[in-house]
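**Student:** Here is my input, please return the structure:
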Amino acid sequence: MSIIKTIELKRSFEMGSQSVEALKGIDLEVQAGEFIAIMGPSGSGKTTLMNIIGCLDTPTSGKYLLNNQEVSTLLDDDLARIRNKEIGFVFQSFHLLARSSALDNVMLPLKYAGEKKNRAIERATQALKDVGLEDRMDHSPSELSGGQQQRVAIARALVNSPSILFADEPTGNLDSQTGKDVMNLFKKLHQDGQTIIIITHEEHVAIQAERVITIKDGLIETDKLV
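**Tutor:** From the prediction side, this is the model:
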């Protein structure tokens with residue numbers, strides 16, 4: 001089943017008096033359960049693509065279907081609702097609340113979704129167990145290692161059972177061994193059926209996915225199975 005489909009997706013930005021075309025016509029299809037890496041150098045358009053298929057931005061032209069619903073023309077409020085329900089994000093810099101415990105950080109999306117407190121605690125606790133942090137739930141980010149902080153961020157991204165998990169340079173702030181541990185966690189999540197899209201400029205990260213898409217100058221240059 002196709003979970004993501006883009007047709008002639010374009011995105012341009014106004015830079016002073018000039019218009020810069022970041023995406024020049026992207027046709028992309030992602031099936032449920034795939035593990036994909038999107039690669040490309042800085043300025044290639046990979047982050048712009050992630051922002052659009054992650055419902056953080058809208059295209060200048062073209063279509064984007066998410067679970068067969070066209071979202072390319074939706075307003076910000078509708079995009080926010082879809083984003084909270086369908087999409088989980090993991091970023092390079094974790095984005096955890098410094099004064100909140102791991103459990104409270106993971107509960108945040110559930111609070112936004114209006115989940116009852118007892119149920120939110122139950123689901124957040126399970127998400128932390130799923131990433132191997134059940135014994136660190138009461139610790140603040142400053143009491144956790146970089147790898148543990150990234151695991152909290154992954155638990156937070158998964159707590160709403162999203163259709164897609166996006167990870168933007170998820171090992172960028174980690175040492176090599178911790179980065180391997182985080183990639184192994186993504187592999188486990190994929191084996192459990194989670195659709196995962198990783199954005200990276202590092203080939204050793206990309207080749208751990210099942211499919212690697214290379215973006216260059218706003219277009220898909222290659223799309224191949226590993």
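**Student:** List the buried residues for stretch 206-216?
**Tutor:** Within stretch 206-216, the residues that qualify as buried are 206, 208-209, 211-215, counting by 16 or more other Cβ atoms under 10 Å. In this view, the C-beta of every residue, glycine as well, is placed from N, C-alpha and C.
**Student:** I meant stretch 183-202, not that one.
**Tutor:** 183, 185-186, 189-190, 194-200.
**Student:** Please identify which of these is nearest to residue 24.
**Tutor:** Among the buried residues of stretch 183-202, residue 199 lies closest to residue 24 (Cβ to Cβ), at 18.2 Å.
**Student:** residue ranges of the strands in this protein, please?
**Tutor:** Counting by DSSP state E, one finds strands in the chain at the ranges 2-15, 18-31, 35-39, 61-66, 69-70, 87-91, 164-168, 195-200, 211-216, 219-225.
**Student:** Need these in a markdown table (columns: mean pLDDT).
**Tutor:** Output for the strands of the chain, formatted as a markdown table (pLDDT from 0 to 100):
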| stretch | mean pLDDT |
| --- | --- |
| strand 2-15 | 95 |
| strand 18-31 | 96 |
| strand 35-39 | 97 |
| strand 61-66 | 96 |
| strand 69-70 | 92 |
| strand 87-91 | 93 |
| strand 164-168 | 95 |
| strand 195-200 | 96 |
| strand 211-216 | 97 |
| strand 219-225 | 97 |
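**Student:** mind giving me a markdown table with these and columns for distance to residue 152?
**Tutor:** What follows is those, written out as a markdown table (distance: least, Cβ to Cβ, whole Å):
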| stretch | distance to residue 152 |
| --- | --- |
| strand 2-15 | 26 |
| strand 18-31 | 26 |
| strand 35-39 | 22 |
| strand 61-66 | 26 |
| strand 69-70 | 30 |
| strand 87-91 | 10 |
| strand 164-168 | 14 |
| strand 195-200 | 18 |
| strand 211-216 | 28 |
| strand 219-225 | 32 |
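**Student:** Report the contact partners of the closest residue in space to residue 221 that isn't next to it in sequence.
**Tutor:** Excluding its sequence neighbours, the residue lying closest to residue 221 (Cβ to Cβ, 6 or more residues apart in numbering) is residue 214, at 4.6 Å. Residues counted as contacts of residue 214 (Cβ atoms under 8 Å, 6 or more residues apart in numbering) are 38-40, 220-223.
**Student:** who does the longest helix seen in the chain touch, helix- and strand-wise?
**Tutor:** Taking DSSP state H as the criterion, the chain has its longest helix at helix 176-191. With contacts taken as 3 or more Cβ pairs under 8 Å, 6 or more residues apart in numbering; DSSP states H and E, helix 176-191 sits against strand 35-39, helix 146-158, strand 195-200.
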